[in-house]
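# after the sequence you'll find the predicted model.
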Amino acid sequence: IALGGPVALAPLILAGALVGGLAFAFTGGIGAALSLGARRGGLLTAVIVLPLFVPPVIFGGGALDAFASGLPWRAGFTLLSAYAAAAVALGPVAMAAACRNALS
């Protein structure tokens with residue numbers, strides 16, 4: 001609304017931000033855990049994590065664009081939710097394994 005978007009998009013933007021935020025947080029946690037023991041952790045984080053940030057942006061943006069155009073938007077939001085669910089389910093396991101690997 002602050003950027004001049006239609007008010008009808010606000011609920012989907014909020015839902016997409018909540019679901020996408022989970023995906024970003026857990027994906028970023030995996031990257032941070034992987035770069036824990038590395039000397040050049042920033043470069044490793046950029047190479048590993050940045051490509052994993054692209055699908056949530058595409059799915060969320062596609063759902064919003066489809067909703068604004070009056071097209072079916074549930075497929076994009078469902079894919080975004082599935083990505084977030086996979087990140088939430090697999091993220092802690094991957095983070096623990098990466099931390100265990102960095103400590104040994």
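Happy to help now that I have it.
# elements contacting the helix or strand of the chain with the lowest mean pLDDT?
Of all helical and strand segments in the chain, the minimum by mean pLDDT, DSSP states H and E falls on helix 41-69, at a mean of 91. When contacts are defined as 3 or more CB pairs under 8 Å, 6 or more residues apart in numbering; DSSP states H and E, helix 41-69 sits against helix 10-34, helix 74-103. Backbone N, C-alpha and C define where each C-beta goes, glycine included.
# buried residues in it?
For helix 41-69, burial by neighbour count (16 or more other CB atoms under 10 Å) applies to 45, 49, 52, 56, 59-60, 62-64, 66-67.
# between these, which sits nearest G28?
V49 (6.1 Å; CB to CB).
# the closest one is in contact with G31, isn't it?
Yes - V49 lies in contact with G31 (CB atoms under 8 Å); the separation is 3.4 Å.
# ok, back up a step: could the buried residues of helix 41-69 be laid out in a markdown table, adding distance to S81?
A markdown table is the format used below for the buried residues of helix 41-69 (distance: CB to CB, whole Å):
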| residue | distance to S81 |
| --- | --- |
| T45 | 25 |
| V49 | 20 |
| L52 | 16 |
| P56 | 10 |
| F59 | 9 |
| G60 | 10 |
| G62 | 13 |
| A63 | 10 |
| L64 | 14 |
| A66 | 15 |
| F67 | 15 |
